[in-house]
Every structure is written in structure tokens, then in C-alpha cells.
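Student: A structural model of the following input is requested.
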Amino acid sequence: MHDSIQHNETASVVEAVLTYVVDLGEKPVIYPSEAGGRSERRVGQYADHTVVIHNGRSDVHSLSLDREGFLLTEHETRVQDFYDEEEVRAVYEAEVEQLVKKLSGATKVVVFDHTRRADAAATRDQKAVREPARMVHSDYTERSAPQRVRDLLPAPEAEQRLKRRFAIINIWRPIRDPVQTTPLAICDARTISERDLVVTERRARDRIGEIYQIAFSPDHRWVYFPYMQRSEALVFKCFDSAVDGRARFAPHTAFDDPTSPPDAPARESIESRTIAFFQ
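Tutor: Residues are numbered from 1 along each chain as shown. Just a heads-up that it's a prediction; the model follows:
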């Protein structure tokens, strides 16, 4: 599935600054940004750390959702305009559903959200989309992941599904142009400890939920895929209910790539969220 992905002639590692939460024993609060509206606001203490981020294209063929918690795959799409919500629902959701089924072995996949982000303020205003997320996080917690299933499925089905394994799997890809600014960094799930996970309240206008922000550890191993193309998809776990040793969380964040050309086009991306159910 990775055969057509080519290794870019770029640095094997970069050093960059990532923003982590500081665990003070109190629950931080995030007020998420809104499409074309307010910027993200955080209540809590944060610290910037310079880390090494590895070029994942050198071992792209060996990555696994159940080991590292993420992979990069070729994924052609018939979508012409990712800013067209009707087209995304009519065309892209079926493509995403089939991709997640193929990669995870799930028997049912529910596609439930698409978040578009742009690095340029003018694009955010014009397209009414959000800015890149710049703190280390994973989208769901032990409490909020099952709640999302209950939100999306009829109550009897939700309770039956929750008796078996399920996973929340995201698909991230460029909307246009190779990604050259604020690419996405992903943390190898094997290097995350339970003590690194900081439960954080996510207080949007329409719902209050939970995410994990991540406290810094020198053990974390970071990976990114430079110059991602529109025909490539970065697939990663935000939650897995299984506690059998497989990857459960792959925290992620946007970062400023020090090798980005000064005149590089600003990143535009779409991130789709799915719940994968297993027998």
C-alpha cells in the first residue's frame, strides 16, 4: 500500500519547538478556535521544548497503526474541492470509510467530522476555516471516546458496540500544494506513557468534551512526512479501547519546520475523524 510513496531528498531529522502542557495537577481548559471566527484560547500552563523530529519517509513501509499508531499511505481521491461540504459528504466520506476499513480491519466505520485548517489568515477568513493546532494533544480520552459513540449511534446499538473494541482514527491530508509550512508531527505511540496524558476540558460553544494534552518527556519520538501531497493520507489513532499492548494514542501537533522555504505556500489541510468498530 505504500509502494508509490517516494522518499524525498530532505533532511533525515529537523529540530523544532513543540508546545506541551505543564501538568500542575489541575484540569486545563481549551476553548477551541472556530471556523472563520475566534482563535483558540487555553487556560493552563504551557512550555515550549525543542525536540528532534524524524523524517518518516525513510521507514514509511514499516509503519503500523497498531504499533506506532500511524502510517502514511497513497490515497487518490475523486474530490475536486475540499471546501465544498456537499462534495466532501457525497464523495470523500465513502472514500475515507473504505480506507479505514482496509487499513484497520474494522467491520463498521462511521465518518463524523471534517476539520479544515489554513496557515494563512487571509485563507482562514476567505474560506471560514481554522488555524493549525499548535499544542501536543490527542483528540479523545477514556471518558470522551465512549461518549462520542453514544452521541453518534442509536442508544441500543451504541451500548452493544461499546462491549467490543472500537478506535477513533483520523485521516489528515493536504487540500492543495505539497505541505511546506506547519506540517503535522506525530508521536510514536510506543514512547507515550500514561503519566504523560493530561485530561483537558474542551469547551466549545455547542458541547463540553475532553481531550488529552501531553506533558513533556524526553522519551517521546516524533515523526513527520515532509512535502505531503494531496494524493497522500496520514492515518493515525486518537483512541483505541483495546488495552492489549497495541497503540492506543498517537499525539500530534503542527510545528514550524525550520527547513520551509521563505516563499513556501501556506499549508491548507483537511482532517477527517472516524470511529472504527471491530467484531
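Student: and residue 163, helix, strand or coil?
Tutor: coil (DSSP: H, G, I helix; E, B strand; the rest coil).
Student: pull the longest helix from the protein.
Tutor: helix 93-104 (DSSP state H).
Student: tell me the mean pLDDT for the helix or strand just after it?
Tutor: Next helix or strand after helix 93-104 toward the C-terminus (DSSP states H and E): strand 108-118. Across strand 108-118, pLDDT averages out at 97.
Student: residues in contact with whichever helix or strand comes after strand 108-118?
Tutor: Once the chain leaves strand 108-118, the next helix or strand it forms, by DSSP H and E, is helix 121-127. By C-beta atoms under 8 Å, 6 or more residues apart in numbering, the list of residues contacting helix 121-127 from outside reads 36, 83, 116, 118, 129-131, 266, 268. Yep, even glycine has a C-beta here, placed from its N, CA and C like the rest.
Student: can you select the buried ones among those residues for me in ChimeraX?
Tutor: Buried residues among the contacts of helix 121-127 (16 or more other C-beta atoms under 10 Å), as a ChimeraX selection:
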select :83,116,118,129,130,131,266,268
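Student: and the nearest residue to residue 93 once chain neighbours are set aside, how many residues sit next to it?
Tutor: Nearest residue to residue 93, sequence neighbours excluded (C-beta to C-beta, 6 or more residues apart in numbering): residue 111, at 4.4 Å. Residue 111 is flanked by 19 other residues according to other C-beta atoms under 10 Å.
Student: ditto for residue 261
Tutor: Neighbourhood size, residue 261 [other C-beta under 10 Å]: 9.
Student: could you check the pLDDT of it?
Tutor: pLDDT, residue 261: 92.
Student: any idea how far it is from residue 50?
Tutor: Separation of residue 261 from residue 50 (C-beta to C-beta, to the nearest Å): 21 Å.
Student: kindly report the same for residue 208.
Tutor: From residue 208 across to residue 50, the span is 34 Å (C-beta to C-beta).
Student: so which of these two has more stuff around it?
Tutor: residue 208 (11 against 8).
Student: tell me the bridge partners for the closest residue to residue 230 other than its chain neighbours.
Tutor: Taking C-beta to C-beta, 6+ apart, and ignoring the residues beside it in sequence, residue 230 has residue 174 as its nearest neighbour in space, at 4.9 Å. Note on residue 174: beta-bridge partners by DSSP bridges are residue 269.
Student: roughly how far apart are residue 174 and residue 208?
Tutor: Noted for residue 174: a distance of 31 Å to residue 208, by C-beta to C-beta.
Student: now swap in residue 238 and tell me
Tutor: Per C-beta to C-beta, residue 238 is found 18 Å from residue 208.
Student: returning to what we had before: what angle sits between the longest helix of the chain and strand 108-118?
Tutor: Relative orientation of helix 93-104 versus strand 108-118 (axes from the mean of the first three to the mean of the last three C-alpha atoms, to 10 degrees): 110 degrees.
Student: need the mean per-residue confidence for helix 93-104.
Tutor: So the average pLDDT for helix 93-104 ends up being 98.
Student: same check on stretch 163-174?
Tutor: For stretch 163-174, the mean pLDDT works out to 98.
Student: and stretch 31-43, by the same measure?
Tutor: Mean pLDDT, computed over stretch 31-43, is 82.
Student: tell me which residues of it come out buried.
Tutor: 31-33, 42.
Student: mind checking the SS state of residue 14?
Tutor: strand.
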